Structure formats: C-alpha cells, structure tokens
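**Q** Model the structure of this input:
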Amino acid sequence: MFPTATLPADTHGAGPDSTAQVGMQVAFRVSKDAYGGFGIFSTEAIPAGTMVWSWAHANVPTFDDRTARELCEAAVLNGDITAILHYNFFVEVGDRTMFVDMRGDNGRFFNHSAANIGQNVAFGSVMSKLVGATSGAAYEQHSTYALRDIPAETELLEDYTAYSASPSWYDTLLREHDVDESYCT
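**A** Predicted coordinates for the structure are as follows:
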C-alpha cells in the first residue's frame, strides 16, 4: 500500500487527491513549508539510498516536444502558464527530451535546494553519478532517492538544476510572454 497524505482545507485545490499518492514510496505528509508554500515532509526516518518517489508508479503523463509546445502555448493563452511552470519539467528519456506533467502527483511538492546547501533527495541519474559507480548500486534513472539518511519530519528537497535543460523554444516562449523564468529553476 502506498502512503497517503493530508492537507489543511485552506490549500484551494493545491493539495493531493486520491490519484496523487501513487508515486511516493515512503511515509510522508504534504504541509506548509517555511516559505508559505507546500512541501513534502518525511513522517518516518528514510535510510540513504531508499527510493522516495517512483516514476514507474507515478501519475505523471509525459509529452513529446511538439505536444509540450502546444500545451504551453495554450496555457499562456488561457492564463494557466504559472501552473504549467510550477509543476512540470523537461527530462532526457533516451535520445528525446520529454515534458513531464507533475500536476497529478504529490511529487509536485518536492521543493528546491541547491546540492551544496540542503538537497537530500535526487533523481536516479544523479545518484548513479554520485554513489552508484562506487557502491555498485543500480538506480532507476527517473525515480528519486534519499542521498543520505533523512530524519523523520524533514522536508524532502531536490536540486531542480539536475533536470534536463529546457528546449530553446520554451525559453523563447517564456520571454515572448513576459513569464518570469525563475519559475522554471
């Protein structure tokens, strides 16, 4: 059984629903973070190397470049671009760049921290580079793992800069529509 999360009633639709639990692989809760937004917090200690979030179990559709561009352009026209920017990212899948829509999964509440400051979880591709080569461990490329032992009641933080760079059309779209590119980092 996958863990569940609860949010206060004042989340105005930003919180998890019954389909949003499936990617998380550890006990967690989604709660207000120190900056007034929401974050994912461990409710139990998590040993280093533990899979925290699984791409294979997540409710996250992916789109090719053409479809991603159409979705983003429609979001700009409909005034929904902030939601697109806050809960989506680009990732390399084989020889293609895919647009990942996190709006249906609690993984969307992972917040950013630079690797040298507070990051405590990372994509498998990052884990393989950091520890896999020396430990012999195998990590699923697009799942998220604990970088070190994480105490209970700790916010789970990842380094957004580890994601693939966005395509040039995306950066152009942001500039053309005066969308603050800081949302994308």
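
**Q** mind checking how far Gly118 is from Thr82?
**A** Relative to Thr82, Gly118 is positioned 25 Å away (criterion: C-beta to C-beta, to the nearest Å). C-betas here are computed from N, CA, C, even on glycine.

**Q** Also Ser31?
**A** Applying C-beta to C-beta, the value for Ser31 to Thr82 is 22 Å.

**Q** Ok, Ser54 next?
**A** Distance of Ser54 to Thr82, given as C-beta to C-beta: 27 Å.

**Q** if you count what's nearby, which of the two comes out ahead?
**A** Regarding Ser54 and Thr82, a neighbour count based on other C-beta atoms under 10 Å identifies Ser54 as having more, with 19 against 12.

**Q** For the more buried one, give me its contacts.
**A** Contacts here follow C-beta atoms under 8 Å, 6 or more residues apart in numbering; on that basis Ser54 touches Gly23, Gln25, Glu140, Ser143.

**Q** hmm, 10 Å instead?
**A** In this structure, Ser54 makes contact with Phe2, Val22, Gly23, Met24, Gln25, Gly107, Gly124, Glu140, His142, Ser143, Thr144, Tyr145, judged by C-beta atoms under 10 Å, 6 or more residues apart in numbering.

**Q** For it, which non-adjacent residue is closest in space?
**A** In space, Ser54 comes closest to Ser143 once its chain neighbours are excluded; the distance is 4.9 Å by C-beta to C-beta, 6 or more residues apart in numbering.

**Q** related to what we said a few turns ago, same list (the contacts of Ser54) but as TSV, adding pLDDT.
**A** Formatted as TSV, the entries for those read as follows, by pLDDT from 0 to 100:
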residue	pLDDT
Phe2	30
Val22	69
Gly23	86
Met24	90
Gln25	91
Gly107	86
Gly124	76
Glu140	72
His142	73
Ser143	83
Thr144	89
Tyr145	90
